[in-house]
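**Q** take a look and give me a structure for this.
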Amino acid sequence: MERHFEHIIVLMLENRSFDHMFGFLNHPKKFNGLTGLEWNPKSSTDSTKIFVSKSAKTYIDPDPPHSHEEIIKQINLGIGGKNDGFVHVFAEKKAAKKGKSDISEIMSVIDPTTPKKCGFIMSELARRFVLCDNYFSSVPGETWPNRNFVHAATSHGEVDINSKFYHDKTVYEKLEENGFRWHIYHDGPPQTWAFPRLWFSKIGGFKKFKHFADDIKDDNLPHYSFIEPRHFGIWNKTNNMHPGNNSKDKDGDFQAAENLVAYIYNLLNTNKKVFNKTLYVVTFDEHGGFYDHVEPPACVPPDDLMNDEYQFKFDKLGIRVPTILISNKFKSSHIDSTLYDHSSIIKTVLQNFGIASHLTNRDKNANNIIEPNVLQRKKQKLDEVPLHQVLADNVVRSSKQEEVVLNEFQKDLMELTRNVDQVMDPSYQNVLKNIESLDKSVVRGSNVDQHQKIDILDVENRFEAMYK
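**A** Okay, here's the model as predicted:
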């Protein structure tokens, strides 16, 4: 396959469904969005119709349900047609957690029609470039298994978060074996620390996000860049768009996440030489419990591993997620309805750089996101995207430390950080020995709920020093 790009950048945000972000998007072309007639029954015993609406709030309490078991009910409650269980499942969790949000909010959709409102940056880029309306998360499950799929094309039998270390081969190792550079840019502890083999890269590795702007300015981007947003709001607002973030400033995380999307885009725009040879992908790990009307399709299992608890064979994708493909080589204002999941990113990266192999059967059978969208003509003129001015400086850390209550994903990431702190060593073999002897009962029984439990900045700095 022709090498269309010298650089591929992937930013993966958190926990929003396609319909939640783009269901009522005012796009010049027809796409698989909402009509306004979609609904869910109020519960399994109450057929009152709760319709989709344009009243979405960026923060929701409780954090919407999105475990494997809950998603299976969301897809098929069995009384209101396909994807009929979102309201029922959210109502159950709201009652259990004593949440404050109305159950109808799980059916609500971002309405960015007012300038500067939350969602206007994402919607503007979706209208300008390529919007994928048939891109699904890889697993009907939580954050970690879906993020593992974008790295390894498998979740190693996991459907929910299991904050252990993983040893599956990743796209980064494939690249390195073939002489291509990669970096995982992160602002705080990244979930990809869960792959210890990546700690020992010779031509790639982990890099703090503060270096990303200089790498673009200096034309020093690696061939593949994966960006993890700020998952912890210790130094500044989180910017991963997780709906359970920032209960005190309910729009803060969402706006900061949109600023991150625009910041990367605008950085590329300042160096046209780099932009002309770069593909920038914005996607989400999973739907986070929000309504989507499209039933997930069947898919090829990645391997022979099955989740024994649920007898799940990984033969069905998760819920649709918002995905935008940004390049001045691509068709403008285009809708791409090709079937994709996170393993399509692996397929795309490997094929773009001429690597004729695959990681699992999932990426082997996935579709390449470049092929349907390349337009061989004069490059587009690209204008900058305005930021949310109130948070324009939130793409970098503040020195101010805020007291925060961690959501479930942050607790799991905190646990990973504690584990990394205990097993770090300059020798890979010693890391493996440390992992084997790690006392899980101490770590997993710690009931971590505040950032003071461990100095994550200190762990991040020591990690950087050891594996530079």
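
**Q** how about the one helix or strand residue 207 maps to: buried residues?
**A** Assigning secondary structure by DSSP states H and E places residue 207 in strand 205-208. Going by neighbour count (16 or more other Cβ atoms under 10 Å), the buried part of strand 205-208 is 205-207. Every residue, glycine included, has its C-beta placed from N, CA and C.

**Q** any idea which of those residues is closest to residue 312?
**A** Lowest distance from residue 312 to the buried residues of strand 205-208 (Cβ to Cβ) belongs to residue 206, with 31.3 Å.

**Q** list the contacts of that closest one.
**A** 183-184, 186, 190, 192-193, 198-199, 463-464, 467 (Cβ atoms under 8 Å, 6 or more residues apart in numbering).

**Q** by mean pLDDT, point me to the weakest helix or strand of this structure.
**A** When the helices and strands of the chain are compared on mean pLDDT, DSSP states H and E, helix 440-444 comes out lowest with a mean of 49.

**Q** packing partners for the next helix or strand after that helix?
**A** For helix 440-444, the succeeding helix or strand toward the C-terminus, using DSSP H and E, is helix 456-466. Applying 3 or more Cβ pairs under 8 Å, 6 or more residues apart in numbering; DSSP states H and E, one finds that helix 456-466 contacts strand 205-208, helix 408-423.

**Q** for residue 303, grab the count of nearby residues.
**A** When neighbours are counted by other Cβ atoms under 10 Å, residue 303 registers 16.

**Q** for it, give me the pLDDT.
**A** In this model, residue 303 is scored at 96, pLDDT.

**Q** what secondary structure does it sit in?
**A** coil (DSSP: H, G, I helix; E, B strand; the rest coil).

**Q** quick one: low-confidence parts of the stretch 1-150 of the chain?
**A** 1, 80, 114-115 (pLDDT under 70).

**Q** likewise the stretch 301-450 of the chain?
**A** Short version for the stretch 301-450 of the chain, where the test is pLDDT under 70: 376-381, 389-405, 439-450.

**Q** before we move on, back to that, what would the helices and strands packed on helix 456-466 look like in a markdown table with distance to residue 160?
**A** Formatted as a markdown table, the helices and strands packed on helix 456-466 follow (distance: least, Cβ to Cβ, whole Å):
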| stretch | distance to residue 160 |
| --- | --- |
| strand 205-208 | 25 |
| helix 408-423 | 10 |
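
**Q** which of those is buried the deepest?
**A** helix 408-423 (a mean of 21; mean count of other Cβ atoms under 10 Å).

**Q** packing partners of whichever helix or strand comes after that one?
**A** Note on helix 408-423: by DSSP H and E, the next helix or strand toward the C-terminus is helix 428-437. Helix 428-437 is packed against helix 408-423, with contacts defined by 3+ Cβ pairs under 8 Å, 6+ apart.

**Q** what segments of the stretch 201-350 of the chain are helices?
**A** 212-217, 252-269, 272-275, 343-352 (DSSP state H, counting those that start in this stretch).

**Q** which one of those lies nearest to residue 56?
**A** Across the helices of the stretch 201-350 of the chain, closest to residue 56 is helix 252-269 (Cβ to Cβ), at 9.9 Å.

**Q** average pLDDT across that closest one?
**A** 93.

**Q** name the helices or strands packed onto that helix?
**A** Using 3+ Cβ pairs under 8 Å, 6+ apart, helix 252-269 is in contact with strand 7-13, helix 120-128, helix 212-217, helix 272-275, strand 278-284.

**Q** can you get me a residue count around residue 212?
**A** By other Cβ under 10 Å, 22 other residues sit near residue 212.

**Q** partner residues bridging the residue nearest to it when sequence neighbours are not counted?
**A** Once flanking residues are discounted, residue 212 sits nearest to residue 185: 5.0 Å by Cβ to Cβ, 6 or more residues apart in numbering. In this entry, residue 185 is beta-bridged to residue 207, residue 227, by DSSP bridges.

**Q** okay, domains of the protein per the record?
**A** Taking automatic domain parsing as the domain assignment, the ranges for the chain are 7-391, 408-466.

**Q** tell me which of these sits most buried.
**A** For these, the highest mean count by mean count of other Cβ under 10 Å goes to domain 7-391, at a mean of 20.

**Q** tell me the SS of the spatially closest residue to residue 289 that is not a sequence neighbour?
**A** Spatial nearest neighbour of residue 289, chain neighbours left out: residue 64 (2.5 Å); criterion: Cβ to Cβ, 6+ apart. Three-state assignment for residue 64 (three-state DSSP): coil.

**Q** these two touch, right, residue 64 and residue 288?
**A** Yes - with contact defined as Cβ atoms under 8 Å, residue 64 counts as touching residue 288 (5.7 Å).

**Q** next, show the common contact partners of those two.
**A** Common neighbours of residue 64 and residue 288 (Cβ under 8 Å, 6+ apart) are 15, 243.

**Q** and the helices and strands packed on helix 456-466: which comes nearest residue 37?
**A** helix 408-423 (33.0 Å).

**Q** re earlier: okay, the helices and strands packed on helix 252-269 in TSV with distance to residue 384 next?
**A** Converted to TSV, the helices and strands packed on helix 252-269 look like this (distance: least, Cβ to Cβ, whole Å):
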stretch	distance to residue 384
strand 7-13	17
helix 120-128	11
helix 212-217	14
helix 272-275	12
strand 278-284	14
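
**Q** figure out which of these is closest to residue 431.
**A** Nearest of these (Cβ to Cβ): strand 7-13, 25.2 Å.

**Q** which neighbouring elements make contact with that closest one?
**A** Secondary-structure packing of strand 7-13 (3+ Cβ pairs under 8 Å, 6+ apart): helix 143-152, strand 224-228, helix 252-269, strand 278-284, helix 343-352.
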